[in-house]
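K.L.:
Take a look and give me a structure for this.
(chains A and B)
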2 protein chains.
Amino acid sequence: MGKASAQVDEIRLWSRLMDMAAIGATPKGGVNRAALSAEDNQARRRLADWSNELGFETGIDEIGNLYVRRAGRDADLPPIVTGSHLDSQPTGGKFDGAYGVIGGFEALEAIERAGIETRHPIEVVAWTNEEGGRFQPGCMGSFVFIGEKSVADIAAITDSGGITVSSALAETLAAFDDLPRRALATPVAAYVEAHIEQGPRLEDTCKTIGVVTGIQGQRCFSVEITGEEAHAGTTPLAIRKDALKAAMSMISALETIMADETDTVRFTVGRFEVYPCSPNVVPGRVFFTIDFRHPEEAVIAHLTDQIEAICTANARGCDVDVQETVRNTPARFDPDVIATVRQSAERLSLAQMDMPSGATHDALYLARVCPTGMIFIPCAGGVSHNEAESATASDLAAGVKVLADTLVDLAT
Amino acid sequence: MGKASAQVDEIRLWSRLMDMAAIGATPKGGVNRAALSAEDNQARRRLADWSNELGFETGIDEIGNLYVRRAGRDADLPPIVTGSHLDSQPTGGKFDGAYGVIGGFEALEAIERAGIETRHPIEVVAWTNEEGGRFQPGCMGSFVFIGEKSVADIAAITDSGGITVSSALAETLAAFDDLPRRALATPVAAYVEAHIEQGPRLEDTCKTIGVVTGIQGQRCFSVEITGEEAHAGTTPLAIRKDALKAAMSMISALETIMADETDTVRFTVGRFEVYPCSPNVVPGRVFFTIDFRHPEEAVIAHLTDQIEAICTANARGCDVDVQETVRNTPARFDPDVIATVRQSAERLSLAQMDMPSGATHDALYLARVCPTGMIFIPCAGGVSHNEAESATASDLAAGVKVLADTLVDLAT
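P.N.:
Here you go, the predicted structure:
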């Protein structure tokens, strides 16, 4: 019996990644696979087909998470789980999420080819709607799996076209009614997720493997401003209630308090919608989102607790409603899983470093119910959530080698 | 033979206005009749039906302008024309535009009922796409009619769904292939347009009739900012190219130079679109419009000539492209038409005042080819381009009385 990592095949991995990237491919070389869309289901089906070809068990749960399972010696033991997500940003890249799923699958195939019998079963999961691009918030698959919310809690959430999670999910489940239905909230022995870094640190320091120690905290808000539509040519500025100019004042004031010489604060306004959005009508309504992240809970609380008051103070005569949509305290991963990942990389003589994750991942939620870790590999220029996202076949394979050996260690 | 104004029927006028307002009615009491949409065509058809009932000639030209004609004694003389538009803002009111068309039609019916024979024919025109809400720029019907641009020049312009003017226009023309086709650029003896003021001055000074002396100048721009999409959780602010924050800086800097104690400057950002508009992606692209108006050409030139440089200076690492989309110098209406409107109001003992128009109207373009004037009536609180837009039946009828007598004076 050889090592699992020795059976990882760089070409096979790359070819499956490119095969997956063709689903929802964009003209600029990225992908657009909105959660629970036809493309997202096509991606799930591709994974299920690969699983069936290799004789693994395939299943789906009621939030649409897809499971690929390789049996262990003891069927009663909870599985060691790896995975990530197949949905993407509207103008997303080929590797964000897909790498963790397909890399997990490659690790499973490598373990199979190496003929390794593990005590625990090993599972690869494609979690539903990690990105939160179509339906907010993201990580629905993982937070519903761990039981933090139920499907009923999120059923009524709509996308920008008014379609509910409930109806999109029903279509997905109908498309996979050939698969056994898995239960939610089943025990997990450990969780390890492979992902591109989505930041520049590994590339800048010429490292291949990031041993992820935790995930920074995040707090998100939605801000809805109601002003008054008015004629752009006739209405004196003094009597306008311009929702767009109110939004500008709020964001500008927020930028001032968020200023940070160390460039650790992540303050982003990503979704921003103006109504009625006509050139000669003073905007009567603006909706925007705030995404704030920082590794320290005290800083998160100090800065984000000011958001509502700053929005109210800069409303310029409009009404404003601020709602908190996400609150995640910083997560610290399990020391044993971290150590296992680090040792696997060391044994493979891969240049590695410990690092926190700037991005949120499904691992944030799994860490609440089981020992958890993550493996990062470099991506070009740290660019992600962008069609230009890029990673090398060699780095991708290196990460899967570390993952395969880590899974075997944890499962044995 | 009595006076035309004596035959104006307040109830009939109000009832036709409400009948028209039902087409594209919104739940909040406004209307949504996008130019060349099914609703806009239904509105045209309603007018054509009324015209046929009264035995007037009805015609349509190749930009979709609909004509209702009452013959004059001398068929060789160019017509005296009145009218306005039936398209609306996405969240528009019942009276903006529709009043000028239906009021013009009521004036024609009143002249007919008074048995007045005029030398010139009199025509009511519903101009296509005055608002510019769906297809930019607005006033397409009037500027194509006067020959400033051809249909071919604007055929390729698209709405936000990618539909071209050319294809929307073809549908409209097909729906009206029962009507005789009118030529463009035919001579007009004079043009008078009735409209709600869309500002607060008449109401504030307790006047019923505004004798409009001209239209303030306007200059519009589109600004396209190209930054770089990036992950909201991982990307350091120092390396971001955030198109939204660049837009905020530009608009904030523009607001500073546009500051005006006299509140005469009209500076509006009405359309503002963010891509990909996902909560956890740094915006890679923003498109916005600037609508600037002022009565003095020197002020227009001084302030708007700075726009491109200010946008460039505040691009925060993004690329920016500024395009001029509209340039209208301030228009002065014809002294004789102004005097005729004023005298008609005086003879009816209506409280009146001379005033410029803050808004652009089709009259701006007609003024380039024939003697032109306008008649304003008050609207509640000066509110327009808003579903709450409101005017009284009595003021609406007063404006039509002035219009009817003015048309007869000009046509005789």
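K.L.:
use CA for all of it now, contacts and neighbours both
P.N.:
Noted.
K.L.:
any idea how far A:Glu109 lies from A:Ser15?
P.N.:
A:Glu109 sits at a distance of 14 Å from A:Ser15 (criterion: C-alpha to C-alpha, to the nearest Å).
K.L.:
between those two, which one's more packed in?
P.N.:
Higher neighbour count among A:Glu109 and A:Ser15: A:Glu109, with 21 against 13, using other C-alpha atoms under 10 Å in any protein chain shown.
K.L.:
tell me which element that one falls in.
P.N.:
Following DSSP states H and E, the helix or strand that holds A:Glu109 is helix A:98-113.
K.L.:
Could you do A:Ser390 as well?
P.N.:
For A:Ser390, there is no helix or strand it lies in under DSSP H and E.
K.L.:
was I right about it contacting A:Gly92?
P.N.:
No: in this structure A:Ser390 lies outside contact range of A:Gly92 using C-alpha atoms under 8 Å: 10.9 Å.
K.L.:
Neighbour count for those two, which is higher?
P.N.:
A:Gly92 (30 against 22).
K.L.:
Can you list phi and psi of that one for me?
P.N.:
phi -90, psi -180 (degrees, to the nearest 10).
K.L.:
what helices or strands is the helix holding A:Glu109 leaning on?
P.N.:
helix A:10-21, strand A:80-85, strand A:122-127, strand A:190-196, helix A:393-411 (3 or more C-alpha pairs under 8 Å, 6 or more residues apart in numbering or on different chains; DSSP states H and E).
K.L.:
relative to helix A:393-411, how tilted is the second one?
P.N.:
Yep, that's strand A:80-85 we're talking about. In terms of direction (axes from the mean of the first three to the mean of the last three C-alpha atoms, to 10 degrees), strand A:80-85 departs from helix A:393-411 by 150 degrees.
K.L.:
So strand A:80-85, near chain B or not?
P.N.:
No: using C-alpha under 8 Å from any C-alpha of the partner chain, strand A:80-85 stays clear of chain B, with a minimum separation of 15.7 Å.
K.L.:
Restricting to C-alpha, output that strand in PDB.
P.N.:
C-alpha atoms of strand A:80-85 as PDB (Å, rounded to 0.1, in the frame of the first residue of the first chain):
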ATOM      1  CA  ILE A  80     -14.100  12.500   7.600                       C
ATOM      2  CA  VAL A  81     -15.500  15.100   5.200                       C
ATOM      3  CA  THR A  82     -13.900  17.400   2.600                       C
ATOM      4  CA  GLY A  83     -15.500  19.600   0.000                       C
ATOM      5  CA  SER A  84     -16.400  23.100  -1.000                       C
ATOM      6  CA  HIS A  85     -19.000  24.500  -3.400                       C
END
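K.L.:
Tell me the strands beside the helix or strand bottoming out on mean pLDDT in chain A, with direction?
P.N.:
Across the helices and strands of chain A, mean pLDDT, DSSP states H and E gives its lowest value to strand A:230-231, namely a mean of 90. Strand pairing for strand A:230-231, determined by DSSP bridges: strand A:281-282 (antiparallel).
K.L.:
Give the rounded mean pLDDT of the helix or strand following the strand it pairs with.
P.N.:
Using DSSP H and E, the next helix or strand after strand A:281-282 towards the C-terminus is strand A:285-294. If you average the pLDDT over strand A:285-294, you get 97.
K.L.:
same question, stretch A:392-411
P.N.:
Average pLDDT, stretch A:392-411: 98.
K.L.:
Not counting sequence-adjacent ones, nearest residue to A:Asp376?
P.N.:
Careful, residue A:376 is Phe and not Asp. Leaving aside its chain neighbours, A:Phe376 sits nearest to A:Gly210 (4.5 Å; criterion: C-alpha to C-alpha, 6 or more residues apart in numbering or on different chains).
K.L.:
whoops, I mixed them up, A:Lys149
P.N.:
In space, A:Lys149 is closest to A:Phe143, 6.4 Å off (C-alpha to C-alpha, 6+ apart).
K.L.:
How much space separates that neighbour from B:Thr226?
P.N.:
Separation of A:Phe143 from B:Thr226 (C-alpha to C-alpha): 35 Å.
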